[in-house]
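**Q** turn this into a model:
(2 chains)
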Protein chains: 2
Amino acid sequence: MPRSFSRMRLAVTLGLLLGSLTNRAADSEKLSAALTSAEVLAQSPDSDWRLLDPERTAYLDLPHGQVVIELAPGFAPRHQAQLRQLLTQHYFDQLPILRVQDNYVVQWGDPQASDPARAKSRGDAGGRLNAEFDIDSATALHFTPLGDRDVYAEQVGFIDGFHAARDAVSGRTWLTHCYGALGAGRDNAADSGSAAELYVVIGHAPRHLDRNVTLLGRVVKGMELLASLPRGSEAMGFLADPAKGSPIRRFRLANDIAESERSALQVMRTDSPSFRAWIASRRSRHEEWFVNPVGRIELCNVQVPVREARP
Amino acid sequence: MPRSFSRMRLAVTLGLLLGSLTNRAADSEKLSAALTSAEVLAQSPDSDWRLLDPERTAYLDLPHGQVVIELAPGFAPRHQAQLRQLLTQHYFDQLPILRVQDNYVVQWGDPQASDPARAKSRGDAGGRLNAEFDIDSATALHFTPLGDRDVYAEQVGFIDGFHAARDAVSGRTWLTHCYGALGAGRDNAADSGSAAELYVVIGHAPRHLDRNVTLLGRVVKGMELLASLPRGSEAMGFLADPAKGSPIRRFRLANDIAESERSALQVMRTDSPSFRAWIASRRSRHEEWFVNPVGRIELCNVQVPVREARP
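**A** I've put the predicted structure just below:
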């Protein structure tokens, strides 16, 4: 392994340089077949990373730390617009965590939302929204196929940093419920969500929720703060007394807080050669520990790399 | 739905009664196609459940509660024998949690294990064990196929309450890394595990670990106590100072503690008609909330039901 590694690294570097002249995907996949994930990260050029866009980034401040959320471009525009209104009006500030269900979701919002007399004012923001479970595949640009099969969908892959799936027959594309996915809670009616109650997946991917509820984005930093919350004692993990749990100190769009308070995070571009090399390194494991390098990977086991921007 | 439900329940009851005269699997699957999971649980006969065997059950007592672990019959016999010796000698009592990596594993053992001068005595128990990643399929009885495809294995299903996979070409069967799976940590050498350092999966199923490390069993109760532990701050979630984390108060085989201190838990038999109906109810969701009933399921999204025994 160590001896062949230098040669392999040279080949990959050449492959990345020559990428625009040849078939990038096929080349980088083939050439990077023996790289570890750490090597892919170390070798990725800065051009294969993008800064989080403050228009699509939200900071959820909890008593024990900050969760950074990225909203997915192109998905659930009505829910995202309403969420932006709520964030701008500081709707979520001081509201509690409502639900922490083990191996499933953390959910937050107004415990009095269903009682018009006691519900917190939504200001200019509207109420129930039509469901936005999926979009027309033609509008979902930059779909990077994973290349491995999937239990739940015909094809899975990545769009702009988000785990996604699509189906050729229906011509639809949707975000998938992987660890860290952000969704808009709803009641039994498909159009009963309002973006005023949100949830994040904290367990094994509940992919049966795909196309059953509207996904908006994903957590890019701070998942451990949500996933380690004490579980709720009531049915489905609801807290017996949400007021005794973790209050939301502040939940804001990045653009609404001082630049000095924002994280400078970069996400690896999922349409880049580095990301194809990343997938390959996660699919076939060349770290010394692995006896069986596996050779396949399930969508939600591919984490999209996030790093602090270099100063 | 409500109107057709009574007829369906009668049909299922008849199906279960007539099961021994006909093709049980096909019948119960077909007849239970419209049952919800709650209905399957409510209707399952006591004969489709089994009590935990105290010879194969271990209690991990943490400061904040008790985790109940079942060891898998037939898998990893050397690791299980050595673990039994360690449990009998109270080896783990007062040892700390070493690692809590978000979306991955909790691990516990002796932080001084690699220093012979300071390591806790293992008494009569031996050291390194040959890897036990899989077994001959011929010895894995009662394999209940899930029936859905899988990303990582040719066939997946259940053996005696445990998630498992098998491969016809190699003729091998192995336990899979679903949420709650219990494994024996090891260093880079495949034979460097000793059952003295254990881990439990607390995140999205890291199925790439299948056949790379020895699995022994699974947590049947108390997962939330492990999954909500504060994450370690060091690389790979190791705790900077394990002594400041949660100590193991006691880790014992059920047979070694007073009957009054044991839980009376029952696990649904995975070779029973109820379990086939359970899978069907999880695959096609008939709860009112679901807009899209899905119609497929991934192995680790099938949780094997566990309940308190009725007095």
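
**Q** every contact and neighbour count from this point should use C-alpha atoms.
**A** OK.

**Q** residues touching the nearest residue to A:His177 once chain neighbours are set aside, list them.
**A** Among residues not flanking A:His177 along the chain, A:Arg207 sits closest, at 5.2 Å (C-alpha to C-alpha, 6 or more residues apart in numbering or on different chains). Residues in contact with A:Arg207 (C-alpha atoms under 8 Å, 6 or more residues apart in numbering or on different chains) are A:152, A:176-178.

**Q** mind checking how far the residue nearest to the spatial centre of chain A is from A:Ser272?
**A** With distances taken as C-alpha atoms, centre = their mean, A:Arg218 lies nearest the centre of chain A, 2.8 Å away. The spacing between A:Arg218 and A:Ser272, counted by C-alpha to C-alpha, to the nearest Å, is 20 Å.

**Q** same list, the contacts of A:Arg207, but as JSON lines with distance to A:Phe158 and neighbour count please.
**A** Putting the contacts of A:Arg207 into JSON lines (distance: C-alpha to C-alpha, whole Å; neighbours: other C-alpha atoms under 10 Å in any protein chain shown) gives the following:
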{"residue": "A:Tyr152", "distance to A:Phe158": "15", "neighbour count": "20"}
{"residue": "A:Thr176", "distance to A:Phe158": "10", "neighbour count": "32"}
{"residue": "A:His177", "distance to A:Phe158": "13", "neighbour count": "26"}
{"residue": "A:Cys178", "distance to A:Phe158": "12", "neighbour count": "26"}
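
**Q** list the ones among these that fall in strands.
**A** When the contacts of A:Arg207 are checked against strands (DSSP state E), there are no matches.

**Q** could I get the average pLDDT for stretch A:251-261?
**A** Averaged over stretch A:251-261, pLDDT sits at 94.

**Q** mind checking the end-to-end distance for that stretch?
**A** Taking C-alpha to C-alpha as the criterion, the two ends of stretch A:251-261 lie 13 Å apart.

**Q** what of stretch A:261-274?
**A** For stretch A:261-274, the end-to-end distance is 29 Å (C-alpha to C-alpha).

**Q** which residues are contacting it?
**A** So stretch A:261-274 is in contact with A:16, A:24-25, A:28, A:40-41, A:44-45, A:48-52, A:142-144, A:158-161, A:254, A:275-276, A:304-309, going by C-alpha under 8 Å, 6+ apart.

**Q** got the residues of the stretch 101-250 of chain A near chain B?
**A** Counting by C-alpha under 8 Å from any C-alpha of the partner chain, the stretch 101-250 of chain A comes close to chain B at A:102-103, A:148-152, A:179, A:187-190, A:202-206, A:208, A:211-212, A:223-224, A:227-231.

**Q** buried subset of these?
**A** A:102-103, A:148-152, A:179, A:190, A:202-206, A:208, A:211-212, A:223-224, A:227-231 (16 or more other C-alpha atoms under 10 Å in any protein chain shown).

**Q** now, those residues that are in strands?
**A** Going by DSSP E, the strands hold none of those.

**Q** in helices only, show me those residues.
**A** A:223-224, A:227 (DSSP state H).

**Q** so which of those is the closest to chain B?
**A** A:Glu224 (5.7 Å; C-alpha to the nearest C-alpha).

**Q** from B:Tyr104, how far off is the closest one?
**A** In terms of C-alpha to C-alpha, A:Glu224 sits 11 Å off from B:Tyr104.

**Q** got it, and A:Ile297?
**A** According to C-alpha to C-alpha, A:Ile297 and B:Tyr104 sit 16 Å apart.

**Q** could you check which of those two has the larger neighbour count?
**A** Neighbour comparison, A:Ile297 and B:Tyr104: the larger count goes to A:Ile297, with 23 against 20 (by other C-alpha atoms under 10 Å in any protein chain shown).

**Q** I figured the more buried one hits A:Asp150, correct?
**A** No. Under the criterion of C-alpha atoms under 8 Å, A:Ile297 is not in contact with A:Asp150, lying 9.3 Å apart.

**Q** give me the common contacts of those two.
**A** Residues touching both A:Ile297 and A:Asp150 by C-alpha under 8 Å, 6+ apart: B:Val151.

**Q** my guess is A:Ala34 contacts A:His286. True?
**A** Yes. Taking contacts as C-alpha under 8 Å, A:Ala34 lies within contact range of A:His286: 6.2 Å.

**Q** got the phi/psi numbers for A:Ala138?
**A** Backbone torsions of A:Ala138, given as degrees, to the nearest 10, read phi -70, psi -30.

**Q** actually, A:Leu253.
**A** With angles defined as degrees, to the nearest 10, A:Leu253 sits at phi -70, psi 150.

**Q** mind checking the end-to-end distance for stretch A:149-163?
**A** Using C-alpha to C-alpha, the two ends of stretch A:149-163 sit 14 Å apart.

**Q** tell me where chain A has helices.
**A** Assigned by DSSP H, chain A shows helices spanning A:2-18, A:24-31, A:37-43, A:77-88, A:223-227, A:273-283.

**Q** out of these, which gets the lowest mean score?
**A** helix A:2-18 (a mean of 32).

**Q** coming back round to it: does the residue nearest to the centre of chain A touch A:Leu182 like I think?
**A** Yes. Between A:Arg218 and A:Leu182 there is a contact at 4.9 Å, judged by C-alpha under 8 Å.

**Q** now for the two: what residues contact both?
**A** A:Val200.

**Q** so in terms of bridging, what pairs with the residue nearest to the centre of chain A?
**A** Judged by DSSP bridges, the bridge partners of A:Arg218 are A:Glu70, A:Ala181.

**Q** what's the distance between it and B:Asn255?
**A** On the measure of C-alpha to C-alpha, A:Arg218 and B:Asn255 end up 46 Å apart.

**Q** and what of A:Val291?
**A** 36 Å.

**Q** do the same with A:Asp48
**A** For A:Asp48, the distance to B:Asn255 - C-alpha to C-alpha - is 57 Å.

**Q** same question, A:Arg149
**A** On the measure of C-alpha to C-alpha, A:Arg149 and B:Asn255 end up 44 Å apart.

**Q** over to A:Trp289?
**A** In terms of C-alpha to C-alpha, A:Trp289 sits 36 Å off from B:Asn255.

**Q** follow-up on the earlier one: which of the contacts of stretch A:261-274 are buried?
**A** Buried among those (16+ other C-alpha under 10 Å): A:16, A:24-25, A:28, A:40-41, A:44, A:48-50, A:52, A:143-144, A:158-161, A:254, A:275-276, A:304-306.

**Q** among the contacts of stretch A:261-274, name the ones in strands.
**A** Reading strands off those with DSSP E, I get A:49-51, A:144, A:158-159, A:306-308.

**Q** now the residues you listed as CSV including pLDDT and distance to A:Asp93?
**A** Converted to CSV, the ones in strands among the contacts of stretch A:261-274 look like this (pLDDT from 0 to 100; distance: C-alpha to C-alpha, whole Å):
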residue, pLDDT, distance to A:Asp93
A:Trp49, 98, 32
A:Arg50, 97, 29
A:Leu51, 96, 26
A:Thr144, 96, 37
A:Phe158, 98, 32
A:Ile159, 97, 31
A:Val306, 98, 26
A:Arg307, 98, 27
A:Glu308, 95, 26
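
**Q** right, and the pair among these with maximum separation?
**A** The distance between the two most remote of these (C-alpha to C-alpha) is 23.8 Å, for A:Thr144 and A:Glu308.

**Q** so who does the closest residue to A:Asp191 other than its chain neighbours touch?
**A** Among residues not flanking A:Asp191 along the chain, A:Asn130 sits closest, at 4.4 Å (C-alpha to C-alpha, 6+ apart). Shown in contact with A:Asn130 (C-alpha under 8 Å, 6+ apart): A:190-193.

**Q** for A:Asn130, what are phi and psi?
**A** According to degrees, to the nearest 10, A:Asn130 has phi -60, psi 150.

**Q** kindly state the pLDDT recorded for it?
**A** 97.
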